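In: Here is a sequence with its predicted model. Questions after.
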Amino acid sequence: MDEARLQTLTVGTGPEARDIAVLRRDGDGPDVVFLIGFRSDMTGSKATALDAWGASSRRAVVRFDYSGHGRSGGRFEDGTIGRWLEEAEAVVARLCRTPVVLVGSSLGGWIALLLARRLKAAGRPAAGLVLVAPAADFTTRLIEPSLTAEARAALARDGRWMRPSAYDDGGYPITRRLLEESRAHLILDGPIEVGCPVHVLQGIRDADVPWQHATLTVERLATDDVVLTLVKDGDHSLSRPADLERLTRAVADITT
């Protein structure tokens, strides 16, 4: 099949307008939409493995970068959960055939759950979700409890704190705006109803999103058909060949 086509989608107006880079591969079946993780991009191993699966199986795959990520415009420091959710919703509404299959990695898992709830409320539920180490509510449940006094002082003084990262020698900025705005999008304090089947993939050795966080997410999805796969030796990225095969198999199963 042809290569995925690069498109640009403008989201927002005035000072809030930003150009979102989207790669779409046409094909059969429901559109499979990949939602990237925090500080990742649509050329990562899971995104490209999903695109390769789309090419070999003649399935439609859509992947994009949030603002401040990859090829998209905007500054990373301006990003919030609500802002990235707005972009995901615009991609689905304007470039995808519904119902869609949402595949979310880490932060993308949170965005996928929020978007799936909105689609269900609008009477257009997703066809299914595949979530890899879903990091729902990570700002309040994973980041804030671990903040040191120095980090809290930096956030109060500068509005940002550089969090050390195993994936970036310079670390990456966590902003006060991100933490505060995220409280409007918390979902783990009660039931989550998405109205479609869900498959969660989680590594037991995940140092960023503990496997217990995935089991809590599954508990909150109590009214939907949910499968949880725990990978005993898996880390946060779940990007080894066997992990990628597990991902594409889960997507294939949910699209049939």
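Out: It's in.
In: So for this protein, the centremost residue is which one?
Out: residue 108 (0.7 Å; C-alpha atoms, centre = their mean).
In: Surely it and residue 39 touch.
Out: No. Judged on C-beta atoms under 8 Å, residue 108 makes no contact with residue 39 at a distance of 11.6 Å. From N, CA and C alone the C-beta is placed, and that goes for glycine too.
In: which residues touch the residue lying closest to residue 221 once chain neighbours are set aside?
Out: Nearest non-adjacent residue to residue 221, counting by C-beta to C-beta, 6 or more residues apart in numbering: residue 192, 5.2 Å away. Counting by C-beta atoms under 8 Å, 6 or more residues apart in numbering, residue 192 touches 113, 117, 217, 220, 221.
In: returning to that earlier point: against which helices or strands is the strand or helix carrying the residue nearest to the centre of the chain packed?
Out: Counting by DSSP states H and E, the element that carries residue 108 is helix 107-121. Secondary-structure packing of helix 107-121 (3 or more C-beta pairs under 8 Å, 6 or more residues apart in numbering; DSSP states H and E): strand 28-35, helix 81-95, strand 101-105, strand 128-132.
In: hey, which helix or strand in this structure has the poorest pLDDT?
Out: The helix or strand of the chain with the poorest confidence is strand 168-175; it has a mean of 85 (mean pLDDT, DSSP states H and E).
In: What segments of the protein are strands?
Out: 5-11, 18-25, 28-35, 59-64, 101-105, 128-132, 160-165, 168-175, 198-203, 226-231 (DSSP state E).
In: Quick one: residues in contact with the helix holding residue 108.
Out: Contact partners of helix 107-121, identified using C-beta under 8 Å, 6+ apart, comprise 34-38, 81, 84-85, 88-89, 92, 98-100, 102-104, 125-126, 129, 131-138, 185, 187, 192-196, 217.
In: buried subset of those residues?
Out: 34-38, 81, 84-85, 88-89, 92, 99-100, 102-104, 125-126, 129, 131-138, 185, 192-196, 217 (16 or more other C-beta atoms under 10 Å).
In: So residue 24 sits against residue 5, correct?
Out: Yes. If you go by C-beta under 8 Å, residue 24 and residue 5 touch, sitting 5.5 Å apart.
In: ok, these two, which is more surrounded?
Out: Ranked by neighbour count (other C-beta atoms under 10 Å), residue 24 and residue 5 place residue 24 first, with 21 against 10.
In: For the more buried one, which non-adjacent residue is spatially closest?
Out: Per C-beta to C-beta, 6+ apart, closest to residue 24 is residue 62, 5.0 Å.
In: and what of residue 53?
Out: Looking at residue 53 with C-beta to C-beta, 6+ apart, the closest residue is residue 248, at 4.2 Å.
In: tell me the contacts of residue 105?
Out: Residue 105 neighbours (C-beta under 8 Å, 6+ apart): 34, 35, 36, 37, 40, 44, 46, 131, 132, 133.
In: That one and residue 203, how far apart?
Out: Note on residue 105: its distance to residue 203, by C-beta to C-beta, to the nearest Å, is 12 Å.
In: Give the residues shared as contacts by those two.
Out: Common neighbours of residue 105 and residue 203 (C-beta under 8 Å, 6+ apart) are residue 133.
In: Please verify my assumption that residue 176 contacts residue 159.
Out: Yes. Here residue 176 reaches residue 159: they are 4.7 Å apart, a contact under C-beta under 8 Å.
In: could the contacts of residue 192 be laid out in JSON lines, adding distance to residue 72 and pLDDT?
Out: JSON lines is the format used below for the contacts of residue 192 (distance: C-beta to C-beta, whole Å; pLDDT from 0 to 100):
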{"residue": "113", "distance to residue 72": "22", "pLDDT": "98"}
{"residue": "117", "distance to residue 72": "24", "pLDDT": "97"}
{"residue": "217", "distance to residue 72": "27", "pLDDT": "97"}
{"residue": "220", "distance to residue 72": "30", "pLDDT": "96"}
{"residue": "221", "distance to residue 72": "29", "pLDDT": "95"}
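In: just to revisit the earlier point, next, give phi and psi for the residue nearest to residue 221.
Out: Taking degrees, to the nearest 10, you get phi -120, psi 120 for the backbone angles of residue 192.
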